[in-house]
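Novice: quick one: sequence and predicted model below, then my questions.
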Amino acid sequence: MNTTHATRGLATFALAALPLAVQAADAQIADAGETQVLNPMVVTAALAPRTADESLASVTLLDEATLRRQDPTSLTDLFRGQPGVDVNTNGSFGKTSSVSIRGTSNKQSLLMIDGIRLRSASLGGASWQYLDPRMFERAEIVRGPRGSLYGADAMGGVIQLFTPEGEEGEPTPRISFGGGSFDTQRYSASLSGAEGGTRYYVAASRFDTEGAPVRRDGDDKGYDNTTGLFRLAHTFEDGSEVGLLALRAKGNTEFDNFGAPAETDFVQQVAGVYGELPVSDNWRSRLTLSEARDESDNPSYGSVLDTQTRTAQWKNTLSVGAHEFVLGAEYSNDSVAGSYTSSGQYAVEERYNKAFFSQALLDFSPLAIQASMRYDDNEAYGDKVTGSLALGYELDNSHTLRASYGTAFRAPAFDDLYWPYEESRDPFGNIYVSVGDQGVEAETSASYELGMRGQYDSWFWDLAAYQTDIDDLIVWALDMPAPNVFRYRPANVNDARIRGAELAAGTELGGLTLQAALSYTDPEDRSTGNQLTGRATQSLRFDVDREMGDWSLGGSLIAQNHRYIDAANQDHLSGYGLVNLRAGWKFAPMWSARVTVENALDNEYETAKNYLNAGRAAFLSVHFGP
């Protein structure tokens, strides 16, 4: 059976089924006299709580119910195929993964955990593969530049993960255990509660698998991850609040180093403390101190690396009638300890960044205006000013039209600027040299977006079209400074234009939940007219779940077309279609069981050349708790 044709058929059926389901849902609402608005509250888009239509941005919320239903083994499984989101992985279970938002790169997509930025300062991007989905309560995906709010790297968008917070009442325990294919075992436990203004949440998890081969006829590549989380907050009678967060993931992943076995020991860690004070009835001031660490020990490459980002942020929120203003300052320090290669250490191992930011959220109903500006002064590459302007207009109670413009930049990573001089020779006498370039400038971008959202009692839809122009793309390329000498170094050589459109729709009523997303992306290298590598241009995701008393059934269809893997667009990886299935059973009070089948059709597919993703995989888990 032709997988592409089958996928297209399923996609057509999925999109056709959604309006029919919506009509049925509307009929049920009319009969029951109920109203349910699918207009979630998000905070990432505007640094303040706003409903999806009020955010004036393209946003997707993956809530606690979604995470529990799908119970993914990795975050990338959760993000794959979401509106405007593309995922590349070098295999399954803890293997190198990248997340692309609106055709940008992994380095141009920002990851945050409870407001704390997490990334590798050396590589520039986040290590998504090392974070356990069970540690998080929800995820917000904001598409479009957010440089004027968050600074460097938020060119394509921002994904923020939120950890749970204790609720009033008796302490609530949760326990989960299970396993499945590839000798996989999963365990997690948590305890949460709140009393007298104090809220707490403590959790731990363990994931261990023999893994699947990442190359044809290769050996299994294992992965293990142990994660701990602690969160504590206290609200005083005057409304002031203090809190702290600590999350640490530690483990080992095996991979294939051009045919040779290799492994990496890793640590991912975020920690922060904050204090918030109500200065007056309309002014709140918040100070946050945080640290994020990305550590790796890779004997195969002779590297031991510890990157840290320490940040102090002061944010003030002022309300004036229906309007809200945000003013703040931020100081951060990036550092790289250890050596990345056997050739030595970085020439520079530390740099600071100072920033001032402001935002105005103006409500002249039915017109809304959001304007923001940020100034960054970086020790390594100078200063940058970014800004954004978004306009929203409520056409009626159900439809909101929005238009926005925003700028952003990506800071050169330590690898781009200070990669230690490394030289190697092959058996034929050729010399290969890799070296960073301290003359590399930051990438800059300008983005335009036009969108509209329809919000009804039982369903919603959101349509957006956008264009992003990126200047001074940083590209590592080869040249020959001398015969038989090949030099690999970064440079600002390419410009890109990325155009695209996204359509998302969904309904939720009683026990029925439907979500659909279509994405089209045209990422063009302006110097050649070819597509940027490693990006699919067409994507579909369709999720359906049904609650039936003590039982639940659901599934996801994810389909993407081909992606080029060379700049000349002569070689590509085929498109693919995935079907994931799930079922749940509440077999006793506080007890439930869940079965998930990933890649149920056992399709063989790649999102990175020569790296296979896992075939069909089934998992069973038992859960205790509310």
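Specialist: Looks like it came in fine. A quick note: this is a predicted structure, and the numbers were derived from the prediction, not measured. Numbers count the residues shown, from 1 in each chain.
Novice: buried residues, the helix or strand that contains Ser148. List them.
Specialist: In this structure, Ser148 is located in helix 147-150 according to DSSP states H and E. Neighbour-count burial for helix 147-150 flags 147-150 (criterion: 16 or more other Cβ atoms under 10 Å). No exception for glycine: its C-beta is placed from N, CA and C like everyone else's.
Novice: mean confidence for it?
Specialist: Averaging pLDDT along helix 147-150 gives 95.
Novice: dump the C-alpha coordinates for that helix into CSV.
Specialist: Provided in CSV are the C-alpha atoms of helix 147-150 (Å, rounded to 0.1, in the frame of the first residue of the first chain):
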residue,chain,number,x,y,z
GLY,A,147,12.5,38.8,20.7
SER,A,148,11.1,42.0,22.1
LEU,A,149,9.9,40.1,25.2
TYR,A,150,12.5,37.3,25.6
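Novice: and that helix, how far from the chain's centre?
Specialist: Centre-to-centre, helix 147-150 and its host chain are 16 Å apart (Cα atoms, centre = their mean, to the nearest Å).
Novice: who does Glu330 form a beta bridge with?
Specialist: Here Glu330 shows beta-bridge partners Gln313, Ala355, assigned using DSSP bridges.
Novice: from Gly124, how far off is it?
Specialist: Separation of Glu330 from Gly124 (Cβ to Cβ, to the nearest Å) stands at 19 Å.
Novice: then Thr96?
Specialist: Thr96 sits 14 Å away from Gly124, going by Cβ to Cβ.
Novice: repeat that for Asp522.
Specialist: For Asp522 relative to Gly124 (Cβ to Cβ), the value is 24 Å.
Novice: which one of those two is surrounded by more residues?
Specialist: Under the criterion of other Cβ atoms under 10 Å, the comparison of Asp522 against Gly124 puts Gly124 first, with 21 against 15.
Novice: what about the nearest residue to the more buried one once chain neighbours are set aside, how many neighbours?
Specialist: Using Cβ to Cβ, 6 or more residues apart in numbering and skipping residues adjacent in sequence, the residue nearest Gly124 is Ala413, 3.2 Å away. Using other Cβ under 10 Å, Ala413 has 26 other residues around it.
Novice: how about the buried residues of helix 147-150 in JSON lines, adding distance to Ala517?
Specialist: Shown next, in JSON lines, are the buried residues of helix 147-150 (distance: Cβ to Cβ, whole Å):
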{"residue": "Gly147", "distance to Ala517": "25"}
{"residue": "Ser148", "distance to Ala517": "26"}
{"residue": "Leu149", "distance to Ala517": "24"}
{"residue": "Tyr150", "distance to Ala517": "24"}
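Novice: show me which of those residues is closest to Leu417.
Specialist: Closest approach between the buried residues of helix 147-150 and Leu417, by Cβ to Cβ: Gly147, at 19.5 Å.
Novice: can you find the helix or strand in the chain with the smallest mean pLDDT?
Specialist: helix 3-32 (a mean of 41; mean pLDDT, DSSP states H and E).
Novice: I'd like the next helix or strand past that helix.
Specialist: The first helix or strand that comes after helix 3-32 along the chain, using DSSP H and E, is strand 41-42.
Novice: who touches the helix or strand following that next one?
Specialist: Under the assignment DSSP H and E, the closest C-terminal helix or strand after strand 41-42 is strand 50-51. Contact with strand 50-51 is made by 39-43, 361, as judged by Cβ atoms under 8 Å, 6 or more residues apart in numbering.
Novice: note down every partner strand of strand 50-51 and its orientation.
Specialist: Counting by DSSP bridges, the strands paired with strand 50-51 are strand 41-42 (antiparallel).
Novice: distance between the partner strand and the chain's centre?
Specialist: Its chain's C-alpha centre lies 16 Å from the corresponding centre of strand 41-42 when counted by Cα atoms, centre = their mean.
Novice: can I get the CA coordinates of stretch 613-626 in CSV?
Specialist: Coordinates of each C-alpha in stretch 613-626 appear next as CSV, following Å, rounded to 0.1, in the frame of the first residue of the first chain:
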residue,chain,number,x,y,z
ASN,A,613,12.9,6.2,14.2
ALA,A,614,11.4,3.3,16.1
GLY,A,615,8.8,1.1,14.6
ARG,A,616,5.6,-0.1,16.3
ALA,A,617,5.8,0.3,20.1
ALA,A,618,3.2,-0.6,22.7
PHE,A,619,3.2,0.5,26.3
LEU,A,620,1.0,-0.3,29.3
SER,A,621,0.9,1.8,32.4
VAL,A,622,-1.1,1.7,35.7
HIS,A,623,-1.9,4.9,37.5
PHE,A,624,-3.0,5.8,41.0
GLY,A,625,-4.4,9.2,41.8
PRO,A,626,-7.1,11.7,40.8
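Novice: check which residues of that stretch are buried.
Specialist: For stretch 613-626, burial by neighbour count (16+ other Cβ under 10 Å) applies to 613-615, 617, 619, 621, 623.
Novice: also stretch 280-300?
Specialist: By neighbour count with 16+ other Cβ under 10 Å, stretch 280-300 contains the buried residues 284-288, 290-298.
Novice: then stretch 303-322?
Specialist: By neighbour count with 16+ other Cβ under 10 Å, stretch 303-322 contains the buried residues 303, 305-311, 313, 315-317.
Novice: with stretch 445-452 instead?
Specialist: Within stretch 445-452, the residues that qualify as buried are 445, 447, 449, 451-452, counting by 16+ other Cβ under 10 Å.
Novice: and what of stretch 259-279?
Specialist: Those would be 263-264, 266, 268-272, 274, 276-277, for stretch 259-279 by 16+ other Cβ under 10 Å.
Novice: and what of stretch 172-186?
Specialist: Buried residues in stretch 172-186, counting neighbours by 16+ other Cβ under 10 Å, are found at 172, 174, 176, 178-182, 184, 186.
Novice: which pair of these spans the longest distance?
Specialist: Put simply, by Cβ to Cβ the two of the buried residues of stretch 172-186 set farthest apart are Thr172 and Phe182, 31.9 Å from each other.
Novice: what residues are up against the residue lying closest to Arg146 once chain neighbours are set aside?
Specialist: Leaving aside its chain neighbours, Arg146 sits nearest to Ala154 (4.1 Å; criterion: Cβ to Cβ, 6+ apart). Counting by Cβ under 8 Å, 6+ apart, Ala154 touches 108-110, 145-147, 408.
Novice: now with 10 Å?
Specialist: Applying Cβ atoms under 10 Å, 6 or more residues apart in numbering to Ala154 gives the contacts 101, 104, 108-110, 112, 117, 142, 144-148, 386, 406, 408-410, 445.
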